[in-house]
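Colleague: 3D model of this:
(one chain, ligands or ions: 1)
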Amino acid sequence: MRSYLLINHSIGGTEGATALLKFNMRNQSTVTCKYSGCLHLEKTLDKEQAIKSGNSYYHPDCFQTKEDIKKIIDLFKNHVNPNPVYSTLQSVIKNIVFTKGLGSDFLLFGLQYYIDHKIPLNYPQGLYYVIQNKQVLDAYNKSKVKNMKGNIEIKEDSGSEFTHVPIQNKSFADIIK
Ligand SMILES: [Zn+2]
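Modeller: Numbering: from 1, shown residues only. Sure thing, here's the model as predicted:
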């Protein structure tokens, strides 16, 4: 608004309108999210809000998911199985993150937890056990609360917000469907 007034005052008339148009076009430049797994209905977003990586732009959450999945695959390869069946590993990860909608950060946390605590895990399908593991869930929720405390005060009644409810009522058979 400030710029609008400034331009109109300083130039005025048609020139002012042109300057205003240019200002708006530059300010509203949009880019398209390049993530193949993008779930946003609106693939275009304001350039200033996008994450740039190489020559591509992403929604911040799409970029986070992309990076998390990269880390999950690296961890799996370096600590679980150096030669996993990639197509299986990828489809299991996609199923957990996109179909079931569990956060990629939760899966990443769980896999790291399994590695740190030396819990046996050999095959990509084992990731379905990771996301159902009560210890993992508790540790994840605790870490979330801890991270939040670093930044803002937690309201007393907000504890339940950090619980991943969907997986609790599902058996393994349900999950692999
Ligand atoms: Zn996106």
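Colleague: Pull the number of nearby residues for residue 97.
Modeller: For residue 97, the count of nearby residues is 23 (other CB atoms under 10 Å). Backbone N, C-alpha and C define where each C-beta goes, glycine included.
Colleague: Quick check: residues of this protein near the ion?
Modeller: 33, 35, 38, 40, 59, 62 (CB under 5 Å from the ion).
Colleague: can you rerun that using 8 Å?
Modeller: The chain comes close to the ion at residues 33-35, 37-40, 43, 45, 58-59, 61-62, as judged by CB under 8 Å from the ion.
Colleague: Of those residues, which belong to strands?
Modeller: Among the residues of the chain next to the ion, the subset assigned to strands under DSSP state E consists of 45, 58.
Colleague: And the residues of the chain next to the ion, which of them are buried?
Modeller: Buried by 16 or more other CB atoms under 10 Å: 33, 34, 35, 38, 45, 58, 59, 61, 62, out of those.
Colleague: Residue 77: what's it in contact with?
Modeller: residue 84 (CB atoms under 8 Å, 6 or more residues apart in numbering).
Colleague: before we move on, what about the one 3 residues further on?
Modeller: Contact criterion CB under 8 Å, 6+ apart gives 111, 114, 115, 121, 122, 126 as the residues in contact with residue 80.
Colleague: which residues of this protein score low on pLDDT?
Modeller: Judged by pLDDT under 70, the chain has its weakly predicted residues at 1-28, 149-177.
Colleague: what's the nearest residue to residue 60 if we skip its chain neighbours?
Modeller: In space, and not counting its chain neighbours, residue 60 is closest to residue 51: 5.4 Å by CB to CB, 6 or more residues apart in numbering.
Colleague: domains of the chain?
Modeller: Here the domain parsing of the chain from automatic domain parsing is 1-28, 60-175.
Colleague: What is the burial count for residue 124?
Modeller: 21.
Colleague: any idea how far it is from residue 40?
Modeller: 27 Å (CB to CB, to the nearest Å).
Colleague: do residue 60 as well
Modeller: Taking CB to CB, one finds residue 60 at 11 Å from residue 40.
Colleague: which residues does residue 66 contact?
Modeller: With contacts defined as CB under 8 Å, 6+ apart, residue 66 is in contact with 35, 37, 58.
Colleague: typo on my end, residue 104
Modeller: So residue 104 contacts 64, 65, 68, 69, 72, 97 (CB under 8 Å, 6+ apart).
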